[in-house]
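Asker: no FASTA, just this:
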C-alpha cells in the first residue's frame, strides 16, 4: 500500500496480493496497519479518517467484527488466540491513543495465561531499529511504543514484538527482571516483503530507555544486524514455530539463493 487514503490504490497494492494468499494459498491473513495505511495523523484528522475507512473495509472479512470482545470498536485493533499463543495487533500510528491503550491493557489483564503462555504483540513501528527509520533517528511512533507499551508488555510478560516499517530484517533481544526472575522479549523487524530494500544505518540510542527501566535491570542485545548493502537484505518472510514452551525462528528468502542471516536455517529463541 502506497497511500491508504486513496481507495484506488488498495485495488492495485493490496487486493491482488491478499487474494493470492487467501484464495490460492488458502492462508489466513491478519495485519496491523502502518503509516501507508492509516497515515500517522491523529484520530479525527480527515486524512487519517480516509485511510482508516479504507483499511477497515479491506480488513472487514479478515478480522473480528465490531462488537466482538476481541476487537476495539472503530479501530483496526484486535486480538486472537491460536494454540497456546495469543496475538494482539494494534495501530502504532496512534501509539499514544488512550482508548487503544485501555483496550490492550484490558486484553492482557483478562487473559488466561495458563491457556495462553505465549503473547505476541504485532504492530508497525519497531521500538528498536537499526535501518533507515532507526539508528540515530527515533521516530515519534517508536518513541511512544517504548514509553507507553513496553512497560505494559514487561508487566504482562509479552514474549515477542513483531514489526515492519523498515524494509529489512532486524532482531533485538531484551531481558529484564521482575520478582527475582529474568524474562525475555524478542523484538523482530521483518519488512522484506517486496518493497525497495533498506540497509543498516547504525545502532539506536538505548541509554534513555535503559535508564528508565534500570529498576528491572534491563539489558538489550542486538543479535542480528541488517547488512550494509542492498544485496545483504533480500526479500524474505519469517516462520515462528511454537512447540509447548519453546520457540524457534526460520528465515525464508524469496530469491534463488539461500538467505541464512543467522548462519543456520533454524534459530532457537529460548
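Answerer: Thanks, I have it. Predicted, not measured: the structure shown is a model, and the values here were computed from it. Numbers count the residues shown, from 1 in each chain.
Asker: where's the closest residue to residue 147 other than its chain neighbours relative to residue 10, distance?
Answerer: Distance criterion C-beta to C-beta, 6 or more residues apart in numbering; nearest residue to residue 147, sequence neighbours excluded, is residue 212 at 7.9 Å. The C-beta positions use only the backbone N, C-alpha and C, and glycine is treated the same way. Residue 212 sits 39 Å away from residue 10, taking C-beta to C-beta, to the nearest Å as the criterion.
Asker: okay, those two: which has more neighbours?
Answerer: Neighbour comparison, residue 212 and residue 10: the larger count goes to residue 10, with 19 against 14 (by other C-beta atoms under 10 Å).
Asker: show the pLDDT at the residue nearest to residue 147.
Answerer: Looking at residue 212, its pLDDT stands at 97.
Asker: how about residue 192?
Answerer: Residue 192 is assigned 86 on the pLDDT scale.
Asker: which strand residues bridge the residue lying closest to it once chain neighbours are set aside?
Answerer: Distance criterion C-beta to C-beta, 6+ apart; nearest residue to residue 192, sequence neighbours excluded, is residue 236 at 4.2 Å. Beta-bridge partners recorded for residue 236 (DSSP bridges): residue 253.
Asker: now residue 236: how far from residue 80?
Answerer: Distance from residue 236 to residue 80, by C-beta to C-beta: 24 Å.
Asker: of the two, who's got more company?
Answerer: Per other C-beta under 10 Å, whichever of residue 236 and residue 80 has more neighbours is residue 236, with 19 against 16.
Asker: can you show me the helices along the chain?
Answerer: Counting by DSSP state H, the chain has these helices, from start to end: 7-13, 15-19, 46-59, 98-109, 140-144, 150-155, 207-212.
Asker: same list (those) but as a markdown table, adding distance to residue 124.
Answerer: Compiled in a markdown table, the helices of the chain are given as follows (distance: least, C-beta to C-beta, whole Å):
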| stretch | distance to residue 124 |
| --- | --- |
| helix 7-13 | 16 |
| helix 15-19 | 17 |
| helix 46-59 | 12 |
| helix 98-109 | 13 |
| helix 140-144 | 8 |
| helix 150-155 | 15 |
| helix 207-212 | 19 |
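Asker: quick one: which of the ones you listed is nearest residue 224?
Answerer: helix 140-144 (18.2 Å; C-beta to C-beta).
Asker: residue ranges for the strands of the protein, please.
Answerer: Counting by DSSP state E, the segments of the chain that form strands are 78-82, 85-89, 118-122, 160-163, 169-178, 181-190, 219-224, 236-243, 246-253, 266-268.
Asker: so where's this protein shaky on pLDDT?
Answerer: Scanning the chain for pLDDT under 70 picks out 1.
Asker: farthest residue from the center of it?
Answerer: Of all residues in the chain, residue 180 has its C-alpha farthest from the mean position, at 28.4 Å, by C-alpha atoms, centre = their mean.
Asker: so how far is residue 202 from that residue?
Answerer: 36 Å.
Asker: cool, and residue 37?
Answerer: For residue 37, the distance to residue 202 equals 28 Å [C-beta to C-beta].
Asker: now do residue 166
Answerer: Distance from residue 166 to residue 202, by C-beta to C-beta: 12 Å.
Asker: pick out whichever of the two has more residues nearby.
Answerer: residue 166 (27 against 12).
Asker: and that one, how far is that from residue 175?
Answerer: Separation of residue 166 from residue 175 (C-beta to C-beta) stands at 23 Å.
Asker: which strand residues bridge the most centrally placed residue in the chain?
Answerer: Central residue of the chain (C-alpha atoms, centre = their mean): residue 163, 2.6 Å from the mean position. Beta-bridge partners for residue 163, by DSSP bridges, are residue 189.
Asker: quick one: it and residue 172 touch, right?
Answerer: No. If you go by C-beta atoms under 8 Å, residue 163 and residue 172 don't touch, sitting 10.6 Å apart.
Asker: what do the two both touch?
Answerer: When contacts are counted by C-beta atoms under 8 Å, 6 or more residues apart in numbering, residue 163 and residue 172 have residue 187 as shared neighbours.
Asker: before we move on, the earlier item: now render the strands of the chain as JSON lines, adding distance to residue 63.
Answerer: Below are the strands of the chain laid out as JSON lines (distance: least, C-beta to C-beta, whole Å):
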{"stretch": "strand 78-82", "distance to residue 63": "5"}
{"stretch": "strand 85-89", "distance to residue 63": "8"}
{"stretch": "strand 118-122", "distance to residue 63": "12"}
{"stretch": "strand 160-163", "distance to residue 63": "16"}
{"stretch": "strand 169-178", "distance to residue 63": "26"}
{"stretch": "strand 181-190", "distance to residue 63": "20"}
{"stretch": "strand 219-224", "distance to residue 63": "30"}
{"stretch": "strand 236-243", "distance to residue 63": "20"}
{"stretch": "strand 246-253", "distance to residue 63": "24"}
{"stretch": "strand 266-268", "distance to residue 63": "30"}
